[in-house]
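# Sequence plus the predicted model coming up.
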Amino acid sequence: MQTERYDYSPIIRRKPLKWPHNARIALMVAPNIEFFHIDKTIPGAPNPQLPDVTGYALRDYGSRIGVFRMMDVLDRHGIRATVLLNADVCAHHPAIVEEGNQRNWEWLGHGVTNNIRMNQYPAQEERAVVRQIKETIATATGKAPRGWLGPGGGDESPNTLDHLAAEGFDYVCDWGCDDQPVPMRVESGRMIGLPYQQGLNDIRVMFQGGHTPKDWLQMVCDQFDTLYAEGAAQGRVMTIPLHPFVIGLAFRIKYLDKALEYICAHEGVWKTTGAEIADYFYANYYQKP
């Protein structure tokens, strides 16, 4: 059984998609800026016992040190981040939001905390949780989020998309099924899925996959090379998912710098954000499924 949320659309039979200024690649750098509670289990962490001091402290390092290293690198390459933001960051680590606002970063919803997935809430409570997240981020950042990635990289309930659309979200990164935006079906409002390549996710490559930072750098460059070549005929989105407690460590951060240096040395790279991609697609290519 196929999902009914979107139609099957083979890339070889689509109308050509052209980005602004004939760019080949829309580059979206997507840090996951998260808050973890020390009295709650970290999903996927090797230690199920509480408190998980090692797991918590590593993630806290990302919020104290790693994220600011990432800011320096993105600044150096003139990139505005598209941030997947746990709402709890707004209350507990406001300096991150303040610094991101100074850089005109875009803030997306990313659950309340990464300790809890959206499909773990009672069904009758989920929409209220989505609304709470939207309102918390809007109050802290000055602007309501339009985009979304669920905690855990896309765990949804059967109703999450409908709740998001009803609350004013109009793009999601949960459905990484394509290299171009994908129109999606929702009960009200509108929705598109933006490409979010989990294969480049630093936590999946280096923590779960056991690869080195050099391996990750090569993967990013190889992915870019393929998408860049294909982008001559059909514009592509390249999303780089990051975590401050992974790529933001002292011995890894230079590999993010090297990856962006390589990508940004090419002509035809549109350094952009999720909302800008969504706006362009809605204005020029969107057809309700």
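All right, it came through fine.
# what's the offset of the lowest-mean-pLDDT helix or strand in the chain from the middle of its chain?
Within the chain, no helix or strand scores below helix 151-154, which has a mean of 82 by mean pLDDT, DSSP states H and E. Distance of helix 151-154 from its chain centroid, counting by CA atoms, centre = their mean, to the nearest Å, is 9 Å.
# Show the subsequent helix or strand relative to that helix.
Downstream of helix 151-154, the first helix or strand assigned by DSSP states H and E is helix 160-166.
# now what about that next one, what contacts it?
Applying CB atoms under 8 Å, 6 or more residues apart in numbering, the contact partners of helix 160-166 are 5, 109, 118-119, 126-127, 130, 148, 150, 172, 174, 184, 186-191. The C-beta positions use only the backbone N, C-alpha and C, and glycine is treated the same way.
# now do stretch 250-269
By CB under 8 Å, 6+ apart, stretch 250-269 touches 21-25, 27, 29, 66, 69-70, 73-74, 76-79, 202, 206, 213-214, 216-217, 220-221, 224, 228, 231, 238, 240, 242, 246-247, 271.
# ok, now which ones touch the residue positioned nearest the centre of the chain?
In the chain, the centroid-proximal residue (CA atoms, centre = their mean) is residue 30; its distance is 4.3 Å. By CB under 8 Å, 6+ apart, the contact set of residue 30 is 81-84, 149, 173, 196, 239-242, 274.
# longest helix in this structure, by residue count?
When the chain is parsed with DSSP state H, its longest helix is helix 213-230.
# Which strands or helices does that one pack on?
Helices and strands touching helix 213-230, by 3 or more CB pairs under 8 Å, 6 or more residues apart in numbering; DSSP states H and E, are strand 25-33, strand 236-242, helix 253-264.
# Quick check: mean pLDDT of that helix?
Mean pLDDT, computed over helix 213-230, is 98.
# Would you mark the buried spots in it?
Of all the residues in helix 213-230, those buried under the rule 16 or more other CB atoms under 10 Å are 213, 216-217, 219-220, 223-224, 227-228.
# picking that back up, which among the contacts of stretch 250-269 count as buried?
Buried among the contacts of stretch 250-269 by 16+ other CB under 10 Å: 23-25, 27, 29, 66, 69-70, 73-74, 77, 79, 202, 206, 213, 216-217, 220, 224, 228, 231, 238, 240, 242, 246-247, 271.
# low-scoring stretches of this protein, by residue?
For the chain, no stretch has pLDDT under 70.
# what are the phi and psi values for residue 172?
phi -130, psi 150 (degrees, to the nearest 10).
# if I look at residue 249, how far off is residue 213?
Distance of residue 249 to residue 213, computed by CB to CB, to the nearest Å: 9 Å.
# Please list all residues in contact with the closest residue to residue 19 other than its chain neighbours.
Leaving aside its chain neighbours, residue 19 sits nearest to residue 235 (4.3 Å; criterion: CB to CB, 6 or more residues apart in numbering). Listed by CB under 8 Å, 6+ apart, the contact partners of residue 235 are 16-19, 23-26, 180.
# Can you lay out those as TSV showing distance to residue 1?
TSV is the format used below for the contacts of residue 235 (distance: CB to CB, whole Å):
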residue	distance to residue 1
16	31
17	29
18	34
19	34
23	37
24	35
25	34
26	32
180	24
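# Can you say which of the helices and strands packed on helix 213-230 is nearest to residue 11?
Of all those, it is strand 236-242 that lies closest to residue 11, at 9.6 Å by CB to CB.
# where does residue 84 land in three-state SS?
On the three-state scheme (DSSP: H, G, I helix; E, B strand; the rest coil), residue 84 is labelled strand.
# Give me the distance between the residue lying closest to it once chain neighbours are set aside and residue 282.
In space, and not counting its chain neighbours, residue 84 is closest to residue 110: 3.9 Å by CB to CB, 6+ apart. Residue 110 sits at a distance of 22 Å from residue 282 (criterion: CB to CB).
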